[in-house]
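Trainee: Using only what follows, build the 3D model:
(chains A and B)
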Amino acid sequence: MSIQISNINKRFDNFTALDNINLTIPDGELVALLGPSGSGKTTLLRIIAGLEEADSGTIYFNGEDTTSTHVRDRGVGFVFQHYALFRHMSVFENVAFGLRVRPKETRPSEEEIKERVHKLLKLIQLDWIAGRYPSQLSGGQRQRVALARALAVEPKVLLLDEPFGALDAKVRQELRQWLRNLHDEIHITSVFVTHDQEEALEVSDKIVVMNQGKIEQIGTPEEVYDRPANPFVYGFLGNVNLFHARVEQGSLHLENTELNTPDLGNSKEASLFVRPHEIHISVDNAEGSGIEAKLIGWRLVGPRVRVELETLHEHQRVEAEISKTEWQAIKAHESGVLFVHFSNARIYTNEASWNDYVI
Amino acid sequence: MQSEHRLEPRWLKPLLLGITLLFLAIFLALPLGVVFSEALAKGWKVYWESISEPDAIAAIKLTLLVVLITVPLNTVFGVATAWLIAKFEFRGKGFLITLIDLPFAVSPVIAGLIFVLLFGSQGWFGAWLSEHDIRIVFATPGIILATLFITSPFVAREIIPLMQEQGKDEEESALTLGASGWQTFWKVTIPNIKWGLLYGVILSNARAMGEFGAVAVVSGHIRGLTTTMPLHVEILYGEYLFTAAFAVASLLTLLALVTLVLKSFIEWRIGKKRSLAH
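Mentor: This is a model prediction of the structure:
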């Protein structure tokens, strides 16, 4: 089922949680609402669920206005960050809850309930702990039970609020993959909230980047990562080095050097965004136009080396991620002047225009 | 966990233990013994007669009536208030919590006086009440009102922190799963607070039976009509009928002992639940 969000506004006292949000979520997609805390993503999710009421605006499910439909009639499955399992019920009873509270006319028989619950417990690979209580389960197991419980009522939409936020790194990684596979299997329209860009990039079909109650960009993980719409998205989706420079008739003045760029006008301040893996370091400035810098420190991160430098003129920290081979070449010159080059960068001038810059 | 390094001298623990035991012996065990030995000083027959004479029976009946009315009312009030405070956000919440504690802070005698000033013959509503031939003060309704006031915080106090700690995630889950508000309340909220609720009810019950000060002010001490058990004990004692006084007092004491046992059982259950949850 598709979800359409139209002109949604929400304020809490003096704080604007959502500022005129418009968003369409196509049927069967897995969409991530990504943003820092306070960006309004959870509020938006809760408004979609009907757990929170918007000040103005409309929510459509499959084109039908559901803004004033009560949460229990919306047919949404909601998974909470802290699982919210019923602590006094066994795993089986938790999953069966949504079926048992139905009015007599639509309530399945006891055998049907049993069958459906066990089918779901098999789906989450936990049918062997049906009799246990939530307090006897690990965090990952609890979250899977919460998911099964939400799916038991056959919701048309699945909403997940930071579903893996309370889990440790390894379990989080496993559950992410598992959620992706599950979605590929059952194709239910799903929206999940996260502040973890890696999670959003890895799991979702589409990412909605939010900040301060507004949507900054909507796109596939690739689009959002490779073509961020603005500096915020660029900075939020991965580490970034920010340089301040001046543009002057097709060239960019930066530290000790000058780079050729498309004509961006005259005497303007510009910001230059470079990801750590887009930085090269040389010892001889053979390519020319390298920024002079000195080495501050380095660290092995798996197969790559994370190098920290400081520019000689503006004393700016630069983070670079280079290969081990490249590092070996530099290591000998550890104490000398090094040169920083960009293989790729994005330039942002005050007129809110983005320009790609590739050497 | 026993640490090798002692931070306090060796004699401190036995000393503190000694002081505590001595205190408990003098102020708890001894009076308890006195109550029962005095009550039975003239044998079981006199004991039985003391608690089965009409005025004593009337006092017991009145006390039970007061308990039967006040405890359920305060349970409903307590759950409603705790729910309001724990699950909703609104202005003046802190003030409301303070207000709930008010009966703890006010002297019971003052609490009784409030009702006399409101409903007594010289009180605010006195003229209107006597016009309509309604008696509140120096009658059962006054005793019930005073007891309600005194015992109103017990249930609410017990379950507010419990409900606040549990948050509203479980209730919200139940709603998204299609449960009605009523189903959510009975299947999710109540099971989660049942032990705390029971604890509050027991405390409230004990206090409702034992309340003296507030009830004494509004009762009027009409024997066989407006005397609850504690008041009956006082009257008998004032008339130098020590054995009878202690006999009725022993009933209240027994109730206190039962309350203590129930209280520790519930605390043990809650403790067990806690350790399971963590």
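Trainee: Please name the nearest non-neighbouring residue to A:Ser190.
Mentor: A:Leu158 (4.2 Å; Cβ to Cβ, 6 or more residues apart in numbering or on different chains). Where C-beta positions appear, they are placed from N, C-alpha and C, glycine not excepted.
Trainee: before we move on, which element is the one you found in?
Mentor: strand A:157-161 (DSSP states H and E).
Trainee: what's the angle between the following helix or strand past that strand and strand A:157-161?
Mentor: Scanning forward in sequence from strand A:157-161 by DSSP H and E, the next helix or strand is helix A:169-186. Angle between the axes of helix A:169-186 and strand A:157-161 is 170 degrees (criterion: axes from the mean of the first three to the mean of the last three Cα atoms, to 10 degrees).
Trainee: what residues does chain B put near chain A?
Mentor: Applying Cβ under 8 Å from any Cβ of the partner chain, one finds that chain B approaches chain A through B:169-170, B:172-180, B:183, B:187-188, B:191-192, B:276-278.
Trainee: Tell me the bridge partners for the residue nearest to A:Ser190.
Mentor: Taking DSSP bridges as the rule, A:Leu158 bridges to A:Gly77, A:Ser190.
Trainee: and the residues of chain B next to chain A, which of them are in helices?
Mentor: Of these, the ones assigned to helices by DSSP state H are B:169-170, B:172-176, B:183, B:191-192, B:276-277.
Trainee: Please list all residues in contact with the residue of the stretch 101-250 of chain A found nearest chain B.
Mentor: With Cβ to the nearest Cβ as the measure, A:Val101 is the residue of the stretch 101-250 of chain A nearest to chain B, at 4.2 Å. When contacts are counted by Cβ atoms under 8 Å, 6 or more residues apart in numbering or on different chains, A:Val101 is found next to B:174, B:177-180, B:183, B:187.
Trainee: Can you turn the buried part of those residues into a PyMOL selection?
Mentor: If you want just the buried ones from the contacts of A:Val101 in PyMOL, going by 16 or more other Cβ atoms under 10 Å in any protein chain shown, the selection is:
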select buried, chain B and resi 174+177+178+179+183+187
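Trainee: Residue ranges in the chain under the pLDDT threshold?
Mentor: All of this is about chain A. Applying pLDDT under 70 to chain A flags the ranges A:262-265, A:267, A:350-359.
Trainee: wait, chain B
Mentor: For chain B, the stretches with pLDDT under 70 are B:1-6, B:273-278.
Trainee: how about a cut-off of 80?
Mentor: Within chain B, the segments meeting pLDDT under 80 span B:1-8, B:121, B:270-278.
Trainee: could you list every residue that touches A:Pro221?
Mentor: By Cβ under 8 Å, 6+ apart, the neighbours of A:Pro221 are A:200-202, A:204, A:206-207.
Trainee: just to revisit the earlier point, how deep is the residue nearest to A:Ser190 tucked in, by neighbour count?
Mentor: Using other Cβ atoms under 10 Å in any protein chain shown, A:Leu158 is surrounded by 23 other residues.
Trainee: you'd agree B:Pro103 is in a helix?
Mentor: Yes. B:Pro103: assigned to a helix according to DSSP: H, G, I helix; E, B strand; the rest coil.
Trainee: Correct me if wrong: it contacts B:Leu148.
Mentor: No. Contact criterion Cβ atoms under 8 Å: B:Pro103 and B:Leu148 do not qualify, at 9.3 Å.
Trainee: So what does A:Val305 look like in phi/psi?
Mentor: Main-chain dihedrals, A:Val305, degrees, to the nearest 10: phi -120, psi 130.
Trainee: scratch that, A:Leu300 is what I was asking about
Mentor: phi -80, psi 130.
Trainee: Please state the offset of whatever helix or strand B:Ala216 lives in from the chain centre?
Mentor: Using DSSP H and E, B:Ala216 falls within helix B:213-219. Relative to the mean C-alpha coordinate of its chain, helix B:213-219 is positioned 16 Å out (Cα atoms, centre = their mean, to the nearest Å).
Trainee: That helix packs against which elements?
Mentor: With contacts taken as 3 or more Cβ pairs under 8 Å, 6 or more residues apart in numbering or on different chains; DSSP states H and E, helix B:213-219 sits against helix B:108-119, helix B:140-151, helix B:229-238.
Trainee: residues making contact with it?
Mentor: Identification of contacts with helix B:213-219 by Cβ under 8 Å, 6+ apart yields B:107-109, B:111-113, B:115-116, B:137-138, B:142-143, B:145-147, B:149-150, B:226-228, B:230-231, B:234.
Trainee: Are any of the residues you listed buried, and if so which?
Mentor: Going by neighbour count (16+ other Cβ under 10 Å), these have B:108, B:111-113, B:115-116, B:137-138, B:142-143, B:145-147, B:149-150, B:226-228, B:230-231, B:234 buried.
Trainee: Can you point out the buried residues in stretch A:290-300?
Mentor: The neighbour-count check on stretch A:290-300 (16+ other Cβ under 10 Å) flags A:290-293, A:295, A:298 as buried.
Trainee: Please apply the same query to stretch B:238-257.
Mentor: Using 16+ other Cβ under 10 Å as the test for burial, stretch B:238-257 gives B:243-253, B:255.
Trainee: Can you add distance to B:His221 and give the ones in helices among the residues of chain B next to chain A back as TSV?
Mentor: Formatted as TSV, these follow (distance: Cβ to Cβ, whole Å):
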residue	distance to B:His221
B:Asp169	53
B:Glu170	50
B:Glu172	53
B:Ser173	55
B:Ala174	52
B:Leu175	53
B:Thr176	58
B:Gln183	49
B:Pro191	44
B:Asn192	44
B:Leu276	51
B:Ala277	50
